[in-house]
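S.K.: Sharing a model prediction with you, sequence too.
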Amino acid sequence: MDLRLSTKAEYGLKAMIDIASQGGDKPVQVIDIARRQGIARESLAVLMIDLKRAGLVASVRGPTGGYLLTRDSEHISVRQIIEALEGPIGSAFKQKEPRYGAGAAIHETWRNCLMTLIDTLENTSLDSLAKLSYSSALKANQSKASEDVPEGYVFNI
């Protein structure tokens with residue numbers, strides 16, 4: 001079974017990390033985020049509307065306009081960002097629960113794993129992602145990343 005981070009969620013997280021990394025009260029323009037993160041501007045513009053609707057960013061109009069975080073990045077969780085783009089995470093994990101035996105044991109273990117994932121997403125702040133992004137960029141500049149580690153976010157279970 002694969003547990004995947006959608007492209008929409010990945011791009012939304014990248015955009016939010018980019019805005020948080022810019023730090024300050026100057027709006028960040030979509031075209032600049034798209035260029036830095038390697039995301040199509042049109043796709044990013046749609047995601048930003050969803051993030052604005054969820055109250056995570058505010059838009060500023062005008063030639064120097066763009067997007068700002070609505071609150072400190074320490075108070076925005078990864079779960080909030082993903083749910084703004086994909087809907088409630090918990091509802092995606094619902095399945096018929098076996099009442100007894102091996103099936104019940106497997107179901108309970110799987111549910112516990114998923115709850116741990118949800119708790120981790122809830123307890124990981126945008127600020128911590130921005131700091132991790134910055135430190136990994138520094139490391140990448142200092143040494144070549146290992147070719148043995150595949151890129152992506154799929155966990156085969």
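M.R.: Everything's here; your move. Residues are numbered from 1 along each chain as shown.

S.K.: correct me, but residue 126 touches residue 82?
M.R.: No: in this structure residue 126 lies outside contact range of residue 82 using CB atoms under 8 Å: 11.4 Å. To be clear about C-beta, it is placed using only N, CA and C from the backbone, and glycine gets the same treatment.

S.K.: So between these two, which is more surrounded?
M.R.: A count of neighbours by other CB atoms under 10 Å puts residue 126 above the other of residue 126 and residue 82, at 25 against 21.

S.K.: Could you list which residues are in contact with the more buried one?
M.R.: 16-17, 20, 69, 73-74, 76-78, 81 (CB atoms under 8 Å, 6 or more residues apart in numbering).

S.K.: Show me which of the residues you listed are buried.
M.R.: Among the contacts of residue 126, those classed as buried by 16 or more other CB atoms under 10 Å are 16-17, 20, 69, 73, 76-78, 81.

S.K.: Residue 63 in helix, strand or coil?
M.R.: For residue 63, the assignment made with DSSP: H, G, I helix; E, B strand; the rest coil gives coil.

S.K.: Distance of it relative to residue 71?
M.R.: 26 Å (CB to CB, to the nearest Å).

S.K.: More neighbours: which of those two?
M.R.: residue 71 (12 against 5).

S.K.: Now do the SS call for the more buried one.
M.R.: Secondary structure assignment for residue 71 (three-state DSSP): coil.
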